[in-house]
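Enquirer: What follows is a predicted structure for the sequence shown.
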Amino acid sequence: MLSNTSGFTKLDRGSTRTVRSCAFDTLQPHLIGHKLLQMDVNPHLILWVLSFLTARPQRVTVNDHLSSAKSISTGAPQGSVISPLLFTLFTIDCRNSTPGITCIKYSDNTVIMDTTNTDVLQQELDTFSSWCKNNCLDLNVSKTKEMTLCFHHGQSNMQSLGCVSVVVWGRSLQHKFFLGVGVTSY
């Protein structure tokens with residue numbers, strides 16, 4: 001964590017947070033298996049992981065009525081100890097390579113911090129969106145927020161700071177300015 005703290009000191013130039021929609025539910029077992037193989041994980045362990053992720057019985061209770069069991073072969077069970085680890089390993093190849101951009105991940109949450117400018121941030125978000133599509137992960141644009149932190153005294157609006165909205169999957173992210181800190185509504 002200490003290596004990431006330098007990015008926090010530059011937050012007055014901007015930050016965007018992205019949220020994957022039901023990320024654990026969309027994890028594709030064949031993709032995690034392939035990625036684990038590329039990481040030189042023991043093939044027996046990979047087979048165990050694939051067995052854990054595929055053909056899981058699932059039942060639903062609604063108003064005291066229990067459904068029949070259905071086989072589920074997509075996603076990782078939420079609430080299990082191994083699912084966050086599997087998701088972290090699945091997303092290990094999702095990294096930024098742009099100077100001035102910091103990508104911080106915790107399980108299925110991702111923060112992309114930009115300390116340079118909006119064009120660089122937009123390029124990084126486009127790359128991140130493509131990575132999500134290529135890995136069968138939905139990016140929940142309705143939960144994706146742009147947050148600009150500015151500590152310049154006397155600035156009263158985002159436009160005077162040169163802030164321009166960024167776009168994720170064709171949708172412009174909204175930002176707001178409040179008490180010297182640009183924030184989005186939650």
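Expert: Structure received. Residues are numbered from 1 along each chain as shown.
Enquirer: Burial check on Leu137, number of neighbours?
Expert: Number of residues near Leu137 (other CB atoms under 10 Å) recorded here: 23. C-betas here are computed from N, CA, C, even on glycine.
Enquirer: now swap in Asp40 and tell me
Expert: Neighbour number of Asp40 under other CB under 10 Å is 7.
Enquirer: And what about it, helix, strand or coil?
Expert: The assignment at Asp40 comes out as coil when based on DSSP: H, G, I helix; E, B strand; the rest coil.
Enquirer: Could you check how far it is from Ile46?
Expert: Applying CB to CB, to the nearest Å, the value for Asp40 to Ile46 is 10 Å.
Enquirer: cool, and Thr144?
Expert: Using CB to CB, one gets 32 Å for the distance from Thr144 to Ile46.
Enquirer: and those two? which has more neighbours close in?
Expert: Between Thr144 and Ile46, Thr144 has the larger neighbour count (other CB under 10 Å), namely 23 against 17.
Enquirer: Can you tell me how far that one is from Gly33?
Expert: To Gly33, Thr144 is 29 Å away according to CB to CB.
Enquirer: what do you get for Val168?
Expert: As judged by CB to CB, Val168 and Gly33 stand 29 Å apart.
Enquirer: Could you do Asp138 as well?
Expert: According to CB to CB, Asp138 and Gly33 sit 20 Å apart.
Enquirer: Not counting stretch 80-90 itself, show me its contacts.
Expert: Contacts of stretch 80-90 from elsewhere in the structure, counted by CB atoms under 8 Å, 6 or more residues apart in numbering, are 23-24, 27, 31-32, 35-36, 39, 49, 52-53, 76-77, 105, 107-108, 135.
Enquirer: buried stuff in it?
Expert: 83-84, 86-87, 89-90 (16 or more other CB atoms under 10 Å).
Enquirer: Show the average pLDDT along it.
Expert: The average pLDDT within stretch 80-90 is 90.
Enquirer: cool, and stretch 171-186?
Expert: Averaging pLDDT along stretch 171-186 yields 50.
Enquirer: ok so Trp131 is a strand residue?
Expert: No: applying three-state DSSP, one finds Trp131 to be helix, outside a strand.
Enquirer: Find me whatever residue is spatially closest to it, sequence neighbours aside.
Expert: Excluding its sequence neighbours, the residue lying closest to Trp131 (CB to CB, 6 or more residues apart in numbering) is Cys94, at 5.2 Å.
Enquirer: Look up how far Leu47 lies from His65.
Expert: Here His65 is placed at a distance of 36 Å from Leu47 (CB to CB).
Enquirer: Contacts only, for Ile92.
Expert: Residues counted as contacts of Ile92 (CB under 8 Å, 6+ apart) are 35, 39.
Enquirer: Okay, helices next: where are they in the protein?
Expert: Here the chain has its helices, by DSSP state H, at 5-8, 23-26, 29-38, 43-53, 82-90, 118-134.
Enquirer: So for Thr98, which of those sits nearest?
Expert: helix 118-134 (5.3 Å; CB to CB).
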